[in-house]
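In: generate coordinates for the sequence data below:
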Amino acid sequence: MKRKALVFGLLLAGGSLASTSSAGAQLDDPFAVDYPHIELGFDVGVMLWNGVDRDVARPGGTVDVRFGWDYKWWVPMFAVGFRGSGVNLSAVPGAPVTASRETLANIFFAAGMRFVTPNRTCVAAFADGWFDFNWWHLNETQVVCNVWYCTGANRYRFTPGFHGRIGMQIRVAPHADLELSFGAGYSFQGQFFTTSQSWLEPAVGFTYSFPAGYEDRMSIRGYSKR
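Out: Now for the predicted structure:
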């Protein structure tokens, strides 16, 4: 009887130790991320126009900063960014002799949704879609006056559009992901273009996932309400 009790005690102690060890390993996992949590990221890419004369509209670049809430499989986000590309107005048929190179600039605000496929590896695929509020500018100014004087300022015209990406997130550090993506954008006519325009956007990005404790201080270790 004593021998059976001893064996049972050893098994119970071993199971408890294994359970504690497993729990400790989970707590100490540097790549573990709780949900939901806040994400902050940025993207840098190339802007390649579709269906336009490359002698007139040159490839450009795009950069944006995004903010979102990660619910593991889906991430509602907001972003603000800039796109720009060179335009050679002298290459336009019938352009005046004084035509020169200008910069086509686009400041945009976007609201979108990202869908992610989380797994136990350091790589996760994603796809996102955005509705864009675009303001375009190309060598156009308007006169702005106050009580004392008038001055010229760049004029931006509003045009709605959208863009989307597919890509992968690569975990490079705790809570940090490097992103590689390929996307496309589209702008309606709006107040700027005479016809709808589209472009391609290969890009690289970076995303930092804030620990979930930042949303609820009571879940931070060592925090006590006073």
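In: need the strands for this protein, in chain order.
Out: 37-49, 57-70, 74-88, 101-116, 123-137, 141-145, 150-154, 157-173, 176-187, 197-209 (DSSP state E).
In: which one of those has the poorest average confidence?
Out: The stretch with the lowest mean pLDDT among the strands of the chain is strand 141-145, at a mean of 68.
In: show me this protein divided up by domain.
Out: 1-30, 33-219 (automatic domain parsing).
In: can you tell me how far Trp68 sits from Leu200?
Out: Not quite, residue 68 is Gly, not Trp. Distance of Gly68 to Leu200, computed by CB to CB, to the nearest Å: 24 Å. Every residue, glycine included, has its C-beta placed from N, CA and C.
In: show me what contacts Ala111?
Out: Met77, Phe78, Ala79, Trp130, Phe131 (CB atoms under 8 Å, 6 or more residues apart in numbering).
In: tell me the most packed of those residues, by neighbour count.
Out: Tallying neighbours with other CB atoms under 10 Å puts Trp130 at the head of the contacts of Ala111, with 24 neighbours.
In: any idea what it is bridged to?
Out: Assessed by DSSP bridges, Trp130 has beta-bridge partners Gly112, His163.
In: go ahead and confirm it touches Phe162.
Out: Yes. Trp130 is within contact range of Phe162, at 6.0 Å (criterion: CB atoms under 8 Å).
In: Gly68 and Leu200: which is more packed in?
Out: Gly68 (23 against 15).
In: now the most centrally placed residue in the chain: how far from Phe109?
Out: In the chain, the residue lying closest to the centroid (CA atoms, centre = their mean) is Arg66, at 4.7 Å. Distance, Arg66 to Phe109, by CB to CB: 11 Å.
In: any residues in contact with both of these two?
Out: Phe78, Ala79.
In: which residues are in contact with Tyr208?
Out: Taking CB under 8 Å, 6+ apart as the test, what Tyr208 contacts is Glu39, Leu40, Gly41, His175, Ala176, Asp177.
In: and the first one, how many neighbours?
Out: To tie it back to what came earlier, the one meant is Glu39. 20.
In: swap in the last one?
Out: The number of residues packed around Asp177, counting by other CB under 10 Å, is 23.
In: just to revisit the earlier point, which residue is the nearest non-sequential neighbour of the residue nearest to the centre of the chain?
Out: Ala79 (3.9 Å; CB to CB, 6 or more residues apart in numbering).
In: contacts only, for the one you found.
Out: Asp64, Val65, Arg66, Phe67, Phe109, Ala110, Ala111, Gly112, Trp130.
In: ok, the nearest residue to the second one once chain neighbours are set aside to Gln189 distance?
Out: Counting by CB to CB, 6+ apart, Val65 lies nearest to Phe42, which is 4.8 Å off, once chain neighbours are set aside. From Phe42 over to Gln189 the distance is 30 Å, taken as CB to CB.
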